[in-house]
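A.B. asks: Next come a sequence and a model predicted from it.
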Amino acid sequence: MKKFTHHLERLVSFCLCVLLVACSGEPQALPMTGAAAAVSGSPQHDTREAPEDLIARVGDQMITYSEINTMMNSSAIVGLSMPELGTPERDTVRLTLLDKHISANLLYLDARKQGLDQDPAYRQELVIFSDSILAALYRQRFVVESIDVTDAEIQDYFSSSIAPGTEFTEEVDAGIEATIRKDRFKEKMISLHQELREGVEVSVDEEELNPDYDEVRVDSTEVARVDGTVVIWGEVKGLLATPVNAGSMENRLKALHGFIDNRLMTRKAKAVGLQQDPAYQIRISEFSKTRLINLHRNRLLKEMEPTDGELATYFEVHRQQIMVPEVRDVQMVVVSTQEEAEGIKRRIKAGQLTLSKAAAEYSTAPGAAKTLGKIGWVSKGSGFPELDTVSFSLAPDEIGGPVESPAGWHLVKVLDMRDAAHESLEDEQARQETRRLLIRDRLNQYVIDLRNNDFPVELYEDTIARYSQQEIDWYQEAKKTRALSPEQVKEKIEKLRK
């Protein structure tokens, strides 16, 4: 337990903002509650009752063990590999993700404190996303879920439309059901379109949709009206100006009417209270939090942009970290005496022996018979100084030595070489790497300061250790089921998961 706690403290004491900055990917979605108010404009606080698997608090935000595990089990994460269940390495990854989660929450709280959640562009994004989720939920609830396909209908389709002699398998059954559902979905969408337009006045200005004027048309241009509410070009240009829609008035009109139908579905969704649906609450919460983190982070990155002088200073201090040293691909033979080494070298020069064969037959280096003396790529300063001097003075395919080291007498051959790179800021890659590391360090320090001075962070090591041990126990129990039948395995795993 002490070892686990020490490991946790070491990892969490340093906020891994490199995961937020150096990687170009978006921060992971972080669930919270109160989505309806978030869209309407009020700052959000996590008011959930503390769950049993609570492992950290960041200000008023809560992080649970299940959230971290969901991140681990859902998909690959940039820069992290997912170790096997029941291994210590999996705990390391879990704690790294927890630290990332903490850093993201600190940025979120700081953004909220600064009032960035009232930014007009951000508020508009929330409204657009909210409307799209409500429309999708309405479509799901009142179109998709109302489609019913019976076994009798599947059998009728099989008898009438499938080639005689075809075996009726589970795959065939599923394929027929999907086909029937697809056809009925199209029919229902047509009827839904008609239903949505009943009693609604819709007008479209086709002249203003002419693709020839896309470059000069201003965002405030009216392109349609829905019951007197104006639809402007700025709302739909991202949809209508795509390669598929930009060159076809037919496609453009179809896309615009789809946009209007979604707006009408949003209206109906609100009328039946779908804003209270848990699926909506979760999606809008994830989006609103993640977008606010990104907005704040991007603003911080602009503020942290270094000057040329700051880049030069940082490069000088961190030169060894940024530079790529010269490396050589080296092959060696190691023997006990100078005389033996000189004798092997003479035979190689005479064409009686190759360095590979000499390494396999005479080298005293461990594993030389298998590797044929190939050391691989080495950088200057990584080995014995005597060998460095020889290895980094040879041309490719030249044999050097004998040279003595504590390991014996060496013959050295350079198979290939790569020159040093990023040696000055004149090199554009060196400049970009210097900039990336400097901004990473600045944002890293910014988040550490938030943690130390602005928002309290509480960690519950005992809970993490308990749930981690439960996972290990579950895994060990699951391994025992390998001797069972497939049916027993399925039943056992389901029981353990529950």
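C.D. replies: Arrived safely, thanks for sending.
A.B. asks: pLDDT on the helix or strand harbouring Gln155, on average?
C.D. replies: Gln155 is part of helix 151-161 when elements are defined by DSSP states H and E. Averaging pLDDT along helix 151-161 yields 92.
A.B. asks: likewise stretch 123-131?
C.D. replies: pLDDT averaged over stretch 123-131 gives 92.
A.B. asks: where does the residue of the chain positioned farthest from its centre fall, phi/psi-wise?
C.D. replies: Farthest-out residue of the chain from its mean C-alpha position, per Cα atoms, centre = their mean: Glu339, at 58.4 Å. Backbone torsions of Glu339, given as degrees, to the nearest 10, read phi -60, psi -40.
A.B. asks: Which parts of this structure are strands?
C.D. replies: 54-58, 61-64, 202-204, 222-226, 229-232, 327-335, 374-379, 399-405, 408-418, 457-459 (DSSP state E).
A.B. asks: Any chance of a markdown table for those strands, columns distance to His257?
C.D. replies: (Glycine included, C-beta is placed from N, CA and C.) Output for the strands of the chain, formatted as a markdown table (distance: least, Cβ to Cβ, whole Å):
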| stretch | distance to His257 |
| --- | --- |
| strand 54-58 | 45 |
| strand 61-64 | 42 |
| strand 202-204 | 8 |
| strand 222-226 | 9 |
| strand 229-232 | 11 |
| strand 327-335 | 62 |
| strand 374-379 | 61 |
| strand 399-405 | 77 |
| strand 408-418 | 59 |
| strand 457-459 | 50 |
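A.B. asks: so which of these gets nearest Gln155?
C.D. replies: Taking Cβ to Cβ, strand 202-204 is the member of the strands of the chain nearest to Gln155, at 42.5 Å.
A.B. asks: So which other helices or strands are in contact with the closest one?
C.D. replies: Judged by 3 or more Cβ pairs under 8 Å, 6 or more residues apart in numbering; DSSP states H and E, the packing partners of strand 202-204 are strand 222-226, helix 249-271.
A.B. asks: buried set for the last one?
C.D. replies: It refers to helix 249-271. By 16 or more other Cβ atoms under 10 Å, the buried positions in helix 249-271 come out as 252, 255-256, 259-269.
A.B. asks: Looking at that helix now, give me its mean pLDDT.
C.D. replies: Helix 249-271 comes out at a mean pLDDT of 93.
A.B. asks: next one: the first one
C.D. replies: For strand 222-226, the per-residue pLDDT values average out at 95.
A.B. asks: Sheet partners, orientation included, of it?
C.D. replies: Taking DSSP bridges as the criterion, strand 222-226 pairs within the sheet with strand 202-204 (antiparallel), strand 229-232 (antiparallel).
A.B. asks: Among the buried residues of helix 249-271, which one sits closest to Glu487?
C.D. replies: Checking those one by one against Glu487 (Cβ to Cβ), the nearest turns out to be Ala269, at 42.7 Å.
A.B. asks: got any ranges where the stretch 351-498 of the chain has weak pLDDT?
C.D. replies: 481-486, 488-490, 492-498 (pLDDT under 70).
A.B. asks: Kindly recompute the last result at 80.
C.D. replies: Low-confidence regions of the stretch 351-498 of the chain, defined by pLDDT under 80, span residues 381-383, 477-498.
A.B. asks: Flag every buried residue along stretch 423-433.
C.D. replies: 425, 427, 430-431, 433.
A.B. asks: distance between the ends of that stretch?
C.D. replies: 12 Å (Cα to Cα, to the nearest Å).
A.B. asks: In contact with Ile128: list those residues for me.
C.D. replies: Counting by Cβ atoms under 8 Å, 6 or more residues apart in numbering, Ile128 makes contact with nothing.
A.B. asks: Quick one: closest of the strands of the chain to Ile162.
C.D. replies: That would be strand 202-204 among the strands of the chain, by Cβ to Cβ, at 42.3 Å.
A.B. asks: List the contacts of the closest one.
C.D. replies: Here strand 202-204 has contacts from 223-227, 253, 256-257, 260, using Cβ under 8 Å, 6+ apart.
A.B. asks: Could you identify the most distant pair in these?
C.D. replies: Taking Cβ to Cβ, no two of those sit farther apart than Asp227 and Leu253, at 19.0 Å.
A.B. asks: quick one: Glu433 and Met323 touch, right?
C.D. replies: No - judged on Cβ atoms under 8 Å, Glu433 makes no contact with Met323 at a distance of 9.5 Å.
A.B. asks: burial count for Thr337?
C.D. replies: Neighbourhood size, Thr337 [other Cβ atoms under 10 Å]: 12.
A.B. asks: what's the answer for Leu295, then?
C.D. replies: With other Cβ under 10 Å as criterion, Leu295 counts 18.
A.B. asks: now it: how far from Val127?
C.D. replies: As for Leu295, its distance to Val127 is 15 Å (criterion: Cβ to Cβ, to the nearest Å).
A.B. asks: swap in Glu303?
C.D. replies: 27 Å.
A.B. asks: Equivalent analysis for Gln470, please.
C.D. replies: 42 Å.
A.B. asks: and what of Ser288?
C.D. replies: Applying Cβ to Cβ to Ser288 and Val127 gives a distance of 11 Å.
A.B. asks: Counting neighbours, go ahead and name the busier of these two.
C.D. replies: Ser288 (24 against 13).
A.B. asks: Would you reformat the strands of the chain as JSON lines and include distance to Ala241 and mean neighbour count?
C.D. replies: Formatted as JSON lines, the strands of the chain follow (distance: least, Cβ to Cβ, whole Å; neighbours: other Cβ atoms under 10 Å):
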{"stretch": "strand 54-58", "distance to Ala241": "41", "mean neighbour count": "22"}
{"stretch": "strand 61-64", "distance to Ala241": "38", "mean neighbour count": "23"}
{"stretch": "strand 202-204", "distance to Ala241": "16", "mean neighbour count": "14"}
{"stretch": "strand 222-226", "distance to Ala241": "12", "mean neighbour count": "19"}
{"stretch": "strand 229-232", "distance to Ala241": "14", "mean neighbour count": "14"}
{"stretch": "strand 327-335", "distance to Ala241": "49", "mean neighbour count": "23"}
{"stretch": "strand 374-379", "distance to Ala241": "50", "mean neighbour count": "15"}
{"stretch": "strand 399-405", "distance to Ala241": "65", "mean neighbour count": "19"}
{"stretch": "strand 408-418", "distance to Ala241": "46", "mean neighbour count": "20"}
{"stretch": "strand 457-459", "distance to Ala241": "45", "mean neighbour count": "17"}
